[in-house]
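Participant: Show me how the following folds:
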Amino acid sequence: MSFTTIEQATPRLHRSELAVPGSNPALFKKAAQSKADIIFLDCEDAVAPDDKEQARRNIIQGLNEVDWGTTTMMVRINGLDTHYMYRDVVDIVEACPRLDMILIPKVGVAQDVYAVDMLVTQIESAKQRDKRIGFEVLIETALGMANVETIAQSSRRLEAMSFGVADYAASTRARTTIIGGVNRDSGVLTDKDADGNRQYFWTDPWHAAQTRMLVACRAYGLRPIDGPFGDFNDPEGYVAAANRAAVLGYEGKWAIHPSQIELANQVFTPSAAEVTRAGRIMDAMAQAAKEGRGAVSLDGRLVDIASIRMAQALIAKANSINAAKSA
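Facilitator: Just a heads-up that it's a prediction; the model follows:
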């Protein structure tokens with residue numbers, strides 16, 4: 001390990017992140033009764049320009065009057081390039097002690113996060129807030145992805161990054177068929193076999209971008225979260241996208257419809273078999289340590305210190321999920 005140590009972000013369960021438009025307060029109570037780990041009330045893309053101010057008022061009322069239980073509550077503010085952003089931050093942070101996090105959209109450079117941090121810090125000081133607000137940023141432009149490593153180090157408030165595939169596709173001029181989906185033109189041909197036949201396999205056009213953001217998050221102690229999957233009538237497609245992200249190391253995924261919440265929770269919850277194996281790894285290494293051995297074989301495979309770290313992370317996540325269920 002490097003001599004440089006990185007402080008990990010505030011730990012939160014973050015398997016599912018439910019988006020709720022601030023312009024539709026009728027959805028607030030239903031969202032509060034869901035099993036989403038994190039809910040964000042939206043001031044930005046889901047709200048038409050003429051509805052921005054009313055949405056902000058709705059969010060303030062909703063945060064203060066709806067019983068959100070122990071759910072982590074977040075607000076997506078408008079972009080820094082709009083005149084709505086400063087009022088989103090000032091009005092909501094000043095009036096809502098229930099607010100846990102702010103989601104900053106379309107972050108392009110580290111200074112974007114710094115600007116919001118400065119404003120929030122002043123409000124917290126003036127209002128003597130006891131609870132420190134955390135940040136999540138959306139990486140959804142070419143500029144943001146080009147600067148993702150410096151953005152990841154931009155603020156001690158920063159806890160998570162989400163990959164915003166729709167705006168990212170627009171920013172990079174990608175050919176896309178559905179938000180978060182794949183494209184049949186993104187594929188590879190095998191070489192010809194003995195009979196001259198070839199097979200075609202689809203590939204994931206978002207893999208490289210998701211991987212780059214993931215590495216920045218893990219290097220600097222943040223939670224990587226996959227963004228939306230647009231077709232909420234396609235649960236199989238959603239699960240496939242969530243599984244691809246989970247395999248890379250993502251901790252959760254957005255839900256733009258309540259039907260996607262349980263799917264995300266299932267994908268990003270360690271299975272009983274995984275937890276059992278992690279426990280066996282810990283037991284095997286503990287026995288090896290007693291015997292003075294640095295590595296051990298389990299089920300015919302090498303288990304070493306790296307295996308312990310992976311097992312510890314998996315067990316910690318399982319424990320946090322169980323704690324949340326019993327709360």
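
Participant: C-alpha from now on. contacts and neighbour counts both.
Facilitator: Fine.

Participant: was I right about Val107 contacting Val113?
Facilitator: Yes: the pair Val107 / Val113 is scored as a contact, 7.3 Å apart, by C-alpha atoms under 8 Å.

Participant: Number of residues surrounding Arg56?
Facilitator: Residues near Arg56, counting by other C-alpha atoms under 10 Å, number 26.

Participant: Mind giving me the packing neighbours of the host helix or strand of it?
Facilitator: Using DSSP states H and E, Arg56 sits within helix 52-65. When contacts are defined as 3 or more C-alpha pairs under 8 Å, 6 or more residues apart in numbering; DSSP states H and E, helix 52-65 sits against helix 85-95.

Participant: List the buried residues of the helix it packs on.
Facilitator: Using 16 or more other C-alpha atoms under 10 Å as the test for burial, helix 85-95 gives 85-86, 88-89, 92-94.

Participant: Go through the residues you listed and name the one nearest Arg198.
Facilitator: Checking the buried residues of helix 85-95 against Arg198 by C-alpha to C-alpha gives Met85 as the nearest, at 53.0 Å.

Participant: Distance-wise, check that closest one relative to Ser2.
Facilitator: According to C-alpha to C-alpha, to the nearest Å, Met85 stands 39 Å off from Ser2.

Participant: same check, this time on Pro205
Facilitator: From Pro205 to Ser2 the distance is 32 Å (C-alpha to C-alpha).

Participant: cool, Trp254 as well?
Facilitator: Relative to Ser2, Trp254 is positioned 33 Å away (C-alpha to C-alpha).

Participant: Check Ala240 too.
Facilitator: 35 Å.

Participant: higher neighbour count, those two?
Facilitator: Using other C-alpha under 10 Å, the more surrounded residue of Ala240 and Ser2 is Ala240, with 13 against 5.

Participant: Go ahead and name everything in contact with the helix or strand hosting the more buried one.
Facilitator: For Ala240, the element it lies in under DSSP H and E is helix 235-248. Taking contacts as C-alpha atoms under 8 Å, 6 or more residues apart in numbering, the residues outside helix 235-248 that touch it are 180-181, 210-211, 214, 226, 229, 231-232, 252-253, 260, 263-264, 267-268.

Participant: Of these - the most surrounded one?
Facilitator: Greatest neighbour count in the contacts of helix 235-248, by other C-alpha under 10 Å, goes to Lys253: 32 neighbours.

Participant: how far does stretch 229-246 sit from the chain's center?
Facilitator: Relative to its parent chain, stretch 229-246 has a centroid offset of 15 Å by C-alpha atoms, centre = their mean, to the nearest Å.
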